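Asks: Here is my input, please return the structure:
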Amino acid sequence: MKTYMVRLFSFLIVMLIPFPFVSHAQQALSEKATIQAGYGTVTIGDTQWQRFSFRPDIPMGRFGVGLDLELFLDDTGKISKEGWIFSNRNQSIDTILRKIYYVRYGKPQDTSYLRVGALDNVSMGYGLIMNNYCNTLNYPGDKKLGVVFGLENVGTFGLGIQGMVNSLGDLKNKGALVGGRVSAKPFKESSIPLFDRLTFGVTFVRDVNQFAGLKDSDNDGYPDFEDGFPDNSRLWLDTDHDGLTDYTHAAPGDTAFVDPDADGDNLTDYWYKDGTNSGFDHAIKRAELINVKNNRNGISVYGFDAGVPLIESPIRLDLYGQYAKIHSGGWGIAIPGFQVTSGGFQGRIEYRHFAGRFRPNYFDNLYENERVALIDGRIYTKFMTLPDMTLNGVYGLVQYRLFNFASAQATYQNMSGEERFQDLTGKAEILEGILSHVPKISIAEAYFYNTYVDGGKKLTDITANTLFGTKIGIGISPSISIVWNTRYTFTPKDPTGATGYIRHRFVSIETVMLMR
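Replies: Residues are numbered from 1 along each chain as shown. Alright, predicted model coming up:
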């Protein structure tokens, strides 16, 4: 069976060699069916795998479907069960859901829109609560099947509805990120200038269980970092880490593998199958584990906003304000705010005020990594890291797309008060209009995110919120391109980061072929 599957993926790749390579920018603009296949290496966690992938992308009018089929092999040629586990109902459902990259109806700018699968850029309102959220940050090691939908300008009051779920799999396990927004133009029929364009919106986003961000391979509720048997949902407790389970939760049939000395103190534990314990070691010290299904830690952020276009043609100028509150935490406002849009240019500037334990853009493109972290064996949620202080400052955004030649975006935030911090993010991409004239280079992207940088540090200093990387594609023939995708993240060695940061490098090298 293993040999057959390898041959099948190899056959698909060979069949695609005669067809021309198309860049990612072209794929985004294309309305034709495409099939992409690849073979290369990918780093997931600390393990490097050979990865075969096969991704058909089929638009059908306003509908579109993308599948994602993959196969992982280690350095011995052994096929990983990753993504192909049918041991129980939950794992079977998860396996099937992982094969769907996306299913969509319409596009975000349409009156009605629905997408199920990979979510690359989700914002609500003017972004003070959710801005550029994505569930693909750790793809392909961590695939999430999310949902986002929207309706705009419906009925007499111009009703708008937007909703999202980051992962249907997490939702099933009561650990998803869910959000919704309702907007309206209550004076849409008014003859008073500007009133007919005034829009009000209310947004609510909740992470039902931040602990769901901890990896739990066997879905038993015990995260892998503490689970003595991360691939066995019937076992989890191994206090002395000797590979034998503590008898307290041994399932029927597993008693042959029970540890006679659970806490590893060289004193034999005296036990019986009926659970009584009156033996040699009367002070057995067993590990206390956290079951994330039974110990949920959620967080909610809600708020409202209002905006009106002062000028709509040929340059659009919007005036807006927004308010957000973290439940049991602090709050923030951004008012006034101005947004200018003209052709490929967009600029935004706003005055901000924060009070208490608050963070703007709480659900952003780094949230999947920030929602929960393991530091020195302890669990820290993003909310736990927020300082309690009052801050004032400004936020600005500039982005520009020069036809099909290049695009760039940068944001900057400077807040001061009891303390001071800055944010800096940037992304630049060379597009097909230039790449088509550059030999061999098919993709060229770079990005940098550094948020909540202490005022005493430089914007280029490494913090726990630093992420940067590049994606470079080299065309080795008209039909084949090799893509290097390198991403760096950082975690502190201690809760404060005073002793430095541990760098995590994620690299994928993939051979990509595409046919129309």
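Asks: Please enumerate the strands of the stretch 151-300 of the chain.
Replies: For the stretch 151-300 of the chain, the strands defined by DSSP state E, counting those that start in this stretch occupy 159-165, 177-184, 199-207, 299-311.
Asks: How far off centre is the second one?
Replies: Its chain's C-alpha centre and that of strand 177-184 lie 19 Å apart, by Cα atoms, centre = their mean, to the nearest Å.
Asks: Next, the residues that contact that strand from outside, please.
Replies: The set of residues that contact strand 177-184 without belonging to it, under Cβ atoms under 8 Å, 6 or more residues apart in numbering, is 124-125, 129-130, 133, 157-167, 170-171, 199-208, 363, 367, 371. Just so you know, the C-beta spots here come from the backbone N, C-alpha and C atoms, and that holds for glycine as well.
Asks: And it, what's buried?
Replies: Counting neighbours by 16 or more other Cβ atoms under 10 Å, one finds that the buried residues in strand 177-184 are L177, V178, G179, G180, R181, S183, A184.
Asks: Got the confidence number for the third one?
Replies: Going back to what we said before, that points to G179. G179 is assigned 96 on the pLDDT scale.
Asks: Over to the last one?
Replies: With respect to pLDDT, A184 has a value of 96.
Asks: any idea how far it lies from R206?
Replies: 22 Å (Cβ to Cβ, to the nearest Å).
Asks: picking that back up, switch the strands of the stretch 151-300 of the chain over to a markdown table; also include distance to K325.
Replies: Rendered in a markdown table, the data for these read as follows (distance: least, Cβ to Cβ, whole Å):
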| stretch | distance to K325 |
| --- | --- |
| strand 159-165 | 19 |
| strand 177-184 | 15 |
| strand 199-207 | 10 |
| strand 299-311 | 6 |
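Asks: how many other residues sit next to L73?
Replies: Under the neighbour criterion other Cβ atoms under 10 Å, L73 is assigned a count of 17.
Asks: Any buried residues in stretch 459-469, and which?
Replies: Of the residues in stretch 459-469, those with enough neighbours to count as buried (16+ other Cβ under 10 Å) are I462, T463, A464, N465, T466, L467, F468, G469.
Asks: Tell me which of those fall in strands.
Replies: Secondary structure assignment by DSSP state E places T466, L467, F468, G469 of the buried residues of stretch 459-469 in strands.
Asks: any idea whether N90 is helix, strand or coil?
Replies: N90 falls in the helix class when you classify it by DSSP: H, G, I helix; E, B strand; the rest coil.
Asks: my read: it touches K172, true?
Replies: Yes - when contacts are counted by Cβ atoms under 8 Å, N90 is listed as touching K172 (7.5 Å).
Asks: So for this structure, the centremost residue is which one?
Replies: Nearest to the mean C-alpha position of the chain, by Cα atoms, centre = their mean, lies N135 at 3.0 Å.
Asks: rewinding a little: mind putting the ones in strands among the buried residues of stretch 459-469 into a markdown table with distance to F448 and pLDDT?
Replies: Putting those into a markdown table (distance: Cβ to Cβ, whole Å; pLDDT from 0 to 100) gives the following:
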| residue | distance to F448 | pLDDT |
| --- | --- | --- |
| T466 | 8 | 89 |
| L467 | 8 | 88 |
| F468 | 4 | 91 |
| G469 | 8 | 92 |
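Asks: now, among the residues you listed, which is nearest to S300?
Replies: Comparing those against S300 with Cβ to Cβ picks out L467 as the nearest, at 25.2 Å.
Asks: How about the secondary structure of the residue lying closest to the closest one once chain neighbours are set aside?
Replies: Excluding the flanking residues, the one nearest L467 by Cβ to Cβ, 6 or more residues apart in numbering is Y449, at 4.4 Å. Three-state assignment for Y449 (three-state DSSP): strand.
Asks: Look up the residues forming beta bridges with Y449.
Replies: Following DSSP bridges, Y449 is listed with bridge partners T425, L467.
Asks: residue ranges with poor pLDDT in the stretch 251-400 of the chain?
Replies: 251-288, 376-377 (pLDDT under 70).
Asks: what about 90?
Replies: Under the criterion pLDDT under 90, the flagged ranges of the stretch 251-400 of the chain are 251-297, 312-314, 343-344, 365-366, 368-381, 384-387.
Asks: All the helices of it, in order from the start?
Replies: With helices called from DSSP state H, counting those that start in this stretch, the stretch 251-400 of the chain shows them at 367-370.
Asks: One more: the stretch 1-150 of the chain?
Replies: Listed in chain order, the helices of the stretch 1-150 of the chain (DSSP H, counting those that start in this stretch) span 2-16, 24-29, 89-98.
Asks: who touches the last one?
Replies: Outside helix 89-98, the residues that touch it by Cβ under 8 Å, 6+ apart are D68, G83, W84, I85, F86, K143, L145, L168, G169, K172, N219.
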